[in-house]
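J.: structure of the sequence below:
(one chain, ligands or ions: 1)
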Amino acid sequence: MPHSSAIPYPWIPSSLKVVLRFLSSPSLAVILLVGVMGTVAQTPAWGQTLREKVTFANTDINAFWAQTFRSIGRKWYSPRSYTYFKVIKTACGVSGPFNALYCPRDHGIYLNIPFLVRADQRWGDFAAITIMAHEYGHAVQRQLGLSRLNRYLYQEELQADCFAGVYAQYASRKGLLDANDAREGYYQSYSSGVAQFNPNTHGTREQRAEAFRLGYSSGFKSCLKYTVLKFRR
Ligand SMILES: [Zn+2]
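T.: Below is the predicted model of the structure:
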């Protein structure tokens, strides 16, 4: 599939796009977006410690998807969330350091604490929540029949990024995000991508950041464009 190496900025006026086209790094564009995407909040709603944050995000992301599923006539089953420091055994095999995983076989979310800490140190305090929201995105797919049990295609990974953006939008509407948070989620998604496109990975940096942005700006239904299963039956 052909894809552009430049990050698309559909929400920016076209005069700005011309300027941005000359920049290979997304940083300036993202800085310009801060005012567009964020709302102002003084203290993070998720508390100070990582443990408080994980607890908060588990509750809030579940609440969001329960509400969204109700609106489409479905019942949401909360996945069980686990944290670990080194390795953990799951029904999908062992999950190692610097990893986060949703296992469809046991409907569990496995979060490596050093991985979340590092993400927050690099990108800011919404980065770890973005990782969690991505894993919840896989739980959404599982319950809606949008993914398979064994491995994910890159489209399914992008859809999970998109669902993470949808959650970020909800958090923003509730006034939970400060001016930088959506940017941090965007950066987290960007940094998790690969430099060269390969269909067996999570997608490129640009694809991942764009998927997060799409979910953030256009909502749940926009993420269904990544659905591949219906074409494989
Ligand atoms: Zn994933």
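
J.: let me see the contact set for the nearest residue to residue 160 once chain neighbours are set aside.
T.: Here the nearest residue to residue 160 in space, its sequence neighbours aside, is residue 137; by C-beta to C-beta, 6 or more residues apart in numbering that works out to 3.4 Å. In this view, the C-beta of every residue, glycine as well, is placed from N, C-alpha and C. The contact partners of residue 137, taken as C-beta atoms under 8 Å, 6 or more residues apart in numbering, are 159-164, 167.

J.: burial measure for residue 195, as a count.
T.: 9 (other C-beta atoms under 10 Å).

J.: the protein against the ion: which residues are in contact?
T.: Residues of the chain that fall close to the ion, judged by C-beta under 5 Å from the ion: 157, 160.

J.: tell me which stretches of the chain form helices.
T.: For the chain, the helices defined by DSSP state H occupy 14-21, 27-37, 50-71, 113-123, 127-144, 154-173, 181-192, 205-218.

J.: show me where pLDDT drops low in the chain?
T.: 1-43, 149-150, 230-233 (pLDDT under 70).

J.: what about 90?
T.: In the predicted model of the chain, residues 1-48, 147-154, 177-180, 191-203, 227-233 satisfy pLDDT under 90.

J.: give the buried residues for stretch 215-233.
T.: 215-218, 220, 222-223, 226-227 (16 or more other C-beta atoms under 10 Å).

J.: hmm, I was thinking of stretch 108-117
T.: 108-113, 115-116.

J.: distance from it to the middle of the chain?
T.: Distance, stretch centre to chain centre, for stretch 108-117: 14 Å (C-alpha atoms, centre = their mean, to the nearest Å).

J.: got a list of contacts for that stretch?
T.: Stretch 108-117 is contacted from outside by 50, 54, 79-85, 88, 90-91, 95-103, 128, 131-132, 135-136, 139, using C-beta under 8 Å, 6+ apart.

J.: hey, C-alpha coordinates of stretch 141-156 in CSV?
T.: Output in CSV follows, covering the C-alpha atoms of stretch 141-156 (Å, rounded to 0.1, in the frame of the first residue of the first chain):
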residue,chain,number,x,y,z
GLN,A,141,-11.9,-5.3,18.8
ARG,A,142,-12.2,-8.6,20.4
GLN,A,143,-15.7,-7.9,21.7
LEU,A,144,-16.9,-6.5,18.4
GLY,A,145,-15.4,-9.3,16.4
LEU,A,146,-12.9,-7.0,14.6
SER,A,147,-9.8,-9.0,15.4
ARG,A,148,-8.5,-12.6,15.5
LEU,A,149,-7.2,-14.7,18.3
ASN,A,150,-3.6,-15.3,17.1
ARG,A,151,-1.9,-12.3,15.8
TYR,A,152,-2.7,-8.8,14.7
LEU,A,153,-2.4,-7.3,11.2
TYR,A,154,-1.0,-3.8,11.1
GLN,A,155,-4.5,-2.5,10.3
GLU,A,156,-5.7,-3.9,13.6
